[in-house]
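Colleague: predicted coordinates and the sequence they were generated for:
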Amino acid sequence: MFVSFFKSNNASAYIFIPVFAIALWVFGFIHPVAVPAVRHAMPFYELLAGPVSNTWLSISLALILIIGEAFFLNYIVNENEILTRPSFLPAVLYIIFMSSNKAMYILHPLIFGNFFLMLAIHRLLNSYRKEKAFSHFFDAAFLISIASLFYFPYVVFFPILAAALVILRPFNWREWIISLAGIIVPYVLVATVYYLRNTLDYLLYDKMFLYFSKQLHFGNLSGSFYFTNSVQLSILILASARLFTGLNTGSQKTKKGIVLLIWVLLAGVASISITQEVSTSCFSALSIPAAVFYAHYFMNLKRNWLAEVLFLLFVGSIIANLITEL
């Protein structure tokens, strides 16, 4: 029922998806999360989220951003023919992933990071078969750099630029140099501002290097955490297996888009290693590729009833985790 509805390109999904998101976020509105301190946050997050001290405003803005990102991801997937046919499944699955823990029910830096990462992926995919793609790769590198200035663990996404150059483009050394410049420019600009304010040490040691100075530790992980992530990982394994077996079918553009998203998934896993605490929130870094892989799996399952059962199990496990976290 649910999967069948979102598998179609029914325009009513533009109404149903926001309603579905609001329903999931009832947990956040009933038991709001405290607005996090921004002292050790990255510069751009401190700049934008710092003034938002009202909890309800922070929750509302986070919800609006996630809904907007969901539709944008859906647009990227459909425009680049990553799935076999247009669908709203990536949008609804992204919302579910990003609503899977209470840490996201606030203006979390990862939400901003995902927005700029999506913009970068969009520019990279649009470079396919372009005669010249200098601006595409500079923009993508610049955007990923901006994402890391909101959420520092996203520095691990820099290598997907190299992956995209290999996957999508014939070799052109200028595109490699331009990509490197795109990464460097935002950091040079930010460092210059902090240097002029005589606070460069604050940027380096209280923000960036802080992620490496503290030993990675596990938060208070409940049984529902392990259950929820076991369900998500099991479906992701099934989806990945189906994805790899289906790489021989479809257009070259579809194959290359999927391979690029595999690199995004691997980078997302790597980002967990430099977070300060392993918790449900850090797994939201996998939301973009996981939503697409889940959508691909659900769309291509021949047994519709199995797709519906797995979808309900996925949503049910997340609701159970949210109830436990309250």
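Modeller: Done, it's in. Numbers count the residues shown, from 1 in each chain.
Colleague: quick check: phi and psi on residue 129?
Modeller: In this entry, residue 129 is assigned phi and psi values of phi 60, psi 20 (degrees, to the nearest 10).
Colleague: ok, it - contacts?
Modeller: Contact analysis of residue 129 by Cβ atoms under 8 Å, 6 or more residues apart in numbering lists residue 253. In this view, the C-beta of every residue, glycine as well, is placed from N, C-alpha and C.
Colleague: can you pull the pLDDT of it?
Modeller: As summarised for this prediction, residue 129 has a pLDDT of 81.
Colleague: separation between it and residue 53?
Modeller: Here residue 129 is placed at a distance of 48 Å from residue 53 (Cβ to Cβ, to the nearest Å).
Colleague: show the average pLDDT along stretch 270-283.
Modeller: Per-residue scores along stretch 270-283 average to 70.
Colleague: just give me the neighbour total for the residue nearest to residue 24 when sequence neighbours are not counted.
Modeller: In space, residue 24 comes closest to residue 99 once its chain neighbours are excluded; the distance is 4.3 Å by Cβ to Cβ, 6 or more residues apart in numbering. Residues contacting residue 99 under the criterion other Cβ atoms under 10 Å number 25.
Colleague: which residue ranges of the stretch 1-150 of the chain form strands?
Modeller: Counting by DSSP state E, counting those that start in this stretch, the stretch 1-150 of the chain forms no strands at all.
Colleague: before we move on, could you check phi and psi at the nearest residue to residue 113 once chain neighbours are set aside?
Modeller: Sequence neighbours aside, residue 151 is the residue nearest to residue 113 in space, at 3.8 Å (criterion: Cβ to Cβ, 6+ apart). Phi and psi for residue 151, reported as degrees, to the nearest 10, are phi -140, psi 100.
Colleague: need the contact list for residue 151.
Modeller: If a contact means Cβ under 8 Å, 6+ apart, then residue 151 has 42, 45, 109, 110, 112, 113 as its contacts.
Colleague: out of the residues you listed, what pair is the most spread apart?
Modeller: Greatest spacing in the contacts of residue 151, by Cβ to Cβ: 42 and 110 (10.9 Å).
Colleague: what is in contact with these two at once?
Modeller: Contacts common to residue 42 and residue 110, judged by Cβ under 8 Å, 6+ apart, are 150, 151.
Colleague: ok so, going back, closest to residue 159 out of the contacts of residue 151?
Modeller: Comparing these against residue 159 with Cβ to Cβ picks out residue 113 as the nearest, at 15.9 Å.
Colleague: how many residues are close by the closest one?
Modeller: A count of nearby residues for residue 113, using other Cβ under 10 Å, gives 27.
Colleague: right, and it touches residue 155 too?
Modeller: No - taking contact to mean Cβ atoms under 8 Å, the distance of 10.5 Å between residue 113 and residue 155 leaves them out of contact.
Colleague: quick check: neighbours shared by the two?
Modeller: With Cβ under 8 Å, 6+ apart, residue 113 and residue 155 have common neighbours residue 148.
Colleague: returning to that earlier point: of the contacts of residue 151 - the most surrounded one?
Modeller: The most crowded member of the contacts of residue 151 is residue 113, carrying 27 neighbours; neighbours defined as other Cβ under 10 Å.
Colleague: quick one, what contacts that residue?
Modeller: Listed by Cβ under 8 Å, 6+ apart, the contact partners of residue 113 are 147, 148, 150, 151, 154, 285.
Colleague: residue 118 too?
Modeller: Shown in contact with residue 118 (Cβ under 8 Å, 6+ apart): 69, 72, 73, 76, 288.
Colleague: that one and residue 84: what is the separation?
Modeller: For residue 118, the distance to residue 84 (Cβ to Cβ) stands at 21 Å.
Colleague: now do residue 251
Modeller: With distances taken as Cβ to Cβ, residue 251 is found 10 Å from residue 84.
Colleague: settle it for me: which of the two has more neighbours?
Modeller: Legend: neighbour count by other Cβ under 10 Å for residue 251 and residue 84, higher for residue 84 (13 against 9).
Colleague: was I right to think that one contacts residue 300?
Modeller: Yes - with contact taken as Cβ under 8 Å, residue 84 and residue 300 are classed as touching, separated by 7.1 Å.
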